[in-house]
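>>> Model the structure of this input:
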Amino acid sequence: MKSSFTSRRARTLVVAVAAGALALTGCSENKGGNSGADSKKDQKEAATQSKAVTYADAAGSTGPAPDVAGAKSGGTIQVYQEAGLSHLDPGQIYVSDAGQVANLLFRRLTQFKEDAKGNISVVGDLATDSGKSSDGGKTWTFTLKDGVKDANGNAITSADVRHSVERLYAKFIFDGPTYLQNWLSGADYRKALPNGGFDGKHLPDSVLATPDAKTVVFHFDTARPDLPQTLAMAGYAIVPAKGDTKEKYDKAPVSTGPYKIQSYKSDKSLVLVKNTNWDPKTDSVRHQYVDGFNFQFGVTESTQTKRLIADQGEDKSAIQFTGSVESTQIQDVIGNAAVNKRTIKGYQPYVMQLTFNLDRVKDLKVRQAVTYAINSKSLIAGEGGAYGGDVAPNYFAPTLPGYEATYDPYGRLKTPQGNIAKAKEILKDVPASQKTLVFAYANSEAGQKRKVAVEDALTAAGFKVVAKEIDAASYYEQIGKLKNPYDIYITGWGQDWPSAGTVITPIYDGTQVADGSSNYSHVKDPKVDELIKKALGQQPTEAASTWKEAQHYLLEKVLPAAPLWYTKQLQLYGSNIGGAKYSSVSSYIDVTQLYLKS
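Below you'll find the predicted structure:
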């Protein structure tokens, strides 16, 4: 999933990070832990927490969700966010700011559930359980729960599930996950249903069947053991057929979760109120303690942090959503015991990278020089130092199975400040015309800091950097265009569930180079594609070595991106907020558990 550019932390292909535990401390009630004090210890704990995800039966999927100790009902939570939301149409959600909102608004067939010990399971959300597989894992059957309605009072049926899947084939859906579509219909899936089912045509029953109002059956050409985790992503939330307004749906979606939209002013405000048609008896994950959430966009991280430290008036009932404690104020938070108690901390799954547009930056020597020159130390300082992240020597985060702590082909760990001498040596014979790089950056506080760090490092190495500002809310949309006018841009990616396949495949698969694709470097390498195909056909233990081989080949022979840093989360909330904890699933504050103390 994509990392966020509304903040200095990862945004996410949010989406749900289907993951075996991204929490740094392993403590569900993560309030003011020691994240950041020791990077090696942090990484070890993050890896230790990467437990296997289990699939729950009907008993584990039955609501209501376990009560939060001391929870009360009523009141409105104030939400501070710097940039506006990228999307509200579930099919377009692959970034974690919108994914956080999706946890309040939308339900899927399945969902992730974290217990008090940090164990994560996939439960049935709209389905009665996490799904039943047959035919060696090629066929998956889901039965819908009774009594589930959308915010308009319409019952959710299998026809709505079919519609939600088929609409993903439409051209106006371009920014969400594509796992399911690819698995059902191949890389050219849009050709299978060009109009997304809106013309009355459907996928054949041999691919997606709805034999009755409560049953949905997926048929694949190979085993898909990860399907329950895939369907738990926000991008696969249900869009009721009766309320679908196609392109307009992105501004006024129909809720199926505990809250619905009362008003939305793009980039300014979002007001959520209770969805009275949500039945807690059908939901084993979410709560509806507060009356609503008032989102204020355009509030910078520095302002968020100052207000929440001061903890006055309505700020007492406020949270940071996907923003983080502003880096220059971290010590003001950590050094004050009373304030530090109002924080949540954890290791995120994201690897931040300086991505090369390979259509424009074709010389491997240029990419190598940039990779040696870039100053991870300076970038991490802008993120808050040890509390903001650790140097990344490669593309796999510590939360990912297969993480190689010592694999460091460009000496990032030994020279985190950059190796300017090595960069200059590589550039010796490179023509001057190739030393000008157009760098796209987000117009957020974090983006400005990153711009300065990148410019300083590359200029010292002998490059001329032409910086181009992009609106933070549409950052990924702009760099996701195949014909974008940029040479380099910072991106962040985290696993969609605990498999290197959810890192390598989405961002380096040559068959997925297209407008809106997450292959931001436009890699089209036959060997990479061959290794991806090989790994996807192997069992997880076998596939691990193939994914490792793919990472080594990518870094050493292709170099589509320079690894920069691994991200950590540090968020602050007001003193009247109850139930605050770090979510290993979203890698942010768990918005489904919150209440107001008074």
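>>> just for the stretch 301-450 of the chain, where's the confidence low?
In the predicted model, the stretch 301-450 of the chain carries no residue with pLDDT under 70.
>>> Equivalent analysis for the chain, please.
The chain contains residues with pLDDT under 70 at 1-52.
>>> SS state for residue 123?
Three-state call for residue 123 (DSSP: H, G, I helix; E, B strand; the rest coil): strand.
>>> Surely it and residue 56 touch.
Yes. Counting by CB atoms under 8 Å, residue 123 does reach residue 56; the two are 4.3 Å apart. C-beta: built from backbone N, CA, C; applies to glycine.
>>> Between the two, which has more neighbouring residues?
Taking residue 123 and residue 56 together and counting by other CB atoms under 10 Å, residue 123 has the greater number of neighbours (29 against 19).
>>> Just the strands from the stretch 401-550 of the chain, written as ranges.
Counting by DSSP state E, counting those that start in this stretch, the stretch 401-550 of the chain has strands at residues 436-442, 464-470, 488-494.
>>> ok, now the stretch 51-200 of the chain?
Counting by DSSP E, counting those that start in this stretch, the stretch 51-200 of the chain has strands at residues 54-55, 76-81, 110-114, 120-124, 132-134, 139-143.
>>> elements contacting the fourth one?
If contacts are counted by 3 or more CB pairs under 8 Å, 6 or more residues apart in numbering; DSSP states H and E, strand 120-124 sits against strand 54-55, strand 110-114.
>>> and those, which is most packed in?
Among the helices and strands packed on strand 120-124, ranked by average contacts under mean count of other CB atoms under 10 Å, first place goes to strand 110-114 (a mean of 27).
>>> Provide the strand pairings for that one, with the direction of each partner.
Using DSSP bridges, strand 110-114 pairs in its sheet with strand 120-124 (antiparallel).
>>> State the number of residues packed around residue 300.
For residue 300, using other CB under 10 Å, the count is 17.
>>> so it touches residue 445, yeah?
Yes. Between residue 300 and residue 445 there is a contact under CB under 8 Å: 5.3 Å.
>>> returning to that earlier point: so for residue 123 and residue 56, which residues contact both of them?
Taking CB atoms under 8 Å, 6 or more residues apart in numbering as the contact rule, residue 123 and residue 56 both touch 113, 129-130.
>>> now, which of the residues you listed sits nearest residue 540?
Nearest to residue 540 among those is residue 130, at 17.6 Å by CB to CB.
>>> Could you report the distance from the closest one to residue 170?
Applying CB to CB, to the nearest Å, the value for residue 130 to residue 170 is 28 Å.
>>> Comparing those two, which shows the higher neighbour count?
Neighbour totals were compared for residue 130 and residue 170, and residue 130 leads with 30 against 18 (other CB under 10 Å).
>>> Run through the residues that contact the more buried one.
With contacts defined as CB under 8 Å, 6+ apart, the neighbours of residue 130 are 55-57, 61, 110, 121-124, 228.
>>> would you turn the helices and strands packed on strand 120-124 into CSV with distance to residue 198?
Converted to CSV, these look like this (distance: least, CB to CB, whole Å):
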stretch, distance to residue 198
strand 54-55, 33
strand 110-114, 26
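>>> Name the residues linked to residue 347 by a beta bridge.
Beta-bridge pairing for residue 347 (DSSP bridges): residue 568.
>>> Surely it and residue 403 touch.
No. Residue 347 lies out of contact with residue 403 (CB under 8 Å); the separation is 11.3 Å.
>>> Look at those two and report which has more neighbours.
Neighbour count, other CB under 10 Å: between residue 347 and residue 403, residue 347 has more, with 29 against 18.
>>> For that one, give its distance to residue 587.
To residue 587, residue 347 is 8 Å away according to CB to CB.
>>> now swap in residue 345 and tell me
Per CB to CB, residue 345 is found 11 Å from residue 587.
>>> Over to residue 460?
In this view, residue 460 and residue 587 are 33 Å apart by CB to CB.
>>> The two: which has the busier surroundings?
Between residue 460 and residue 587, counting by other CB under 10 Å, residue 587 is the more crowded of the two (35 against 14).
>>> what's that one sitting at in phi/psi?
Note on residue 587: backbone dihedrals following degrees, to the nearest 10 are phi 70, psi 30.
>>> From residue 566, how far off is it?
Residue 587 is 12 Å from residue 566, where distance means CB to CB.
>>> Identify the contacts common to those two.
In terms of CB under 8 Å, 6+ apart, residue 587 and residue 566 are both contacted by the residues 348, 350.
>>> Please, where are all the helices along the stretch 201-350 of the chain?
Using DSSP state H, counting those that start in this stretch, the helices of the stretch 201-350 of the chain run over residues 227-230, 301-310, 330-334, 337-340.
>>> Next, the buried residues of the second one.
Spelled out, it's helix 301-310. Neighbour-count burial for helix 301-310, counted by 16 or more other CB atoms under 10 Å, picks out 301-302, 304-305, 307-309.
>>> tell me the domain boundaries of this structure?
What automatic domain parsing lists as the domains of the chain is 53-296+573-596, 348-568.
>>> Can I get those domains in a markdown table including distance to residue 313?
Output for the domains of the chain, formatted as a markdown table (distance: least, CB to CB, whole Å):
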| stretch | distance to residue 313 |
| --- | --- |
| domain 53-296+573-596 | 10 |
| domain 348-568 | 24 |
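>>> Relative to residue 339, which of those is closest?
The minimum distance between residue 339 and the domains of the chain falls on domain 53-296+573-596, with 9.4 Å, by CB to CB.
>>> how deep is residue 242 tucked in, by neighbour count?
For residue 242, using other CB under 10 Å, the count is 12.
>>> That one and residue 156 touch, don't they?
No. Taking contacts as CB under 8 Å, residue 242 lies outside contact range of residue 156: 10.4 Å.
>>> quick one: common contacting residues for those two?
Common contacts of residue 242 and residue 156 (CB under 8 Å, 6+ apart): none found.
>>> In three-state terms, label the closest residue in space to residue 520 that isn't next to it in sequence for me.
Counting by CB to CB, 6 or more residues apart in numbering, residue 520 lies nearest to residue 355, which is 4.9 Å off, once chain neighbours are set aside. Secondary structure assignment for residue 355 (three-state DSSP): strand.
>>> Kindly report the same for the one 5 residues further on.
Residue 360 carries the three-state label coil when classified by three-state DSSP.
>>> List the contacts of the closest residue to residue 544 other than its chain neighbours.
Leaving aside its sequence neighbours, residue 544 sits nearest to residue 402 (CB to CB, 6+ apart; 5.0 Å). By CB under 8 Å, 6+ apart, the contact set of residue 402 is 396, 500, 544, 547-548.
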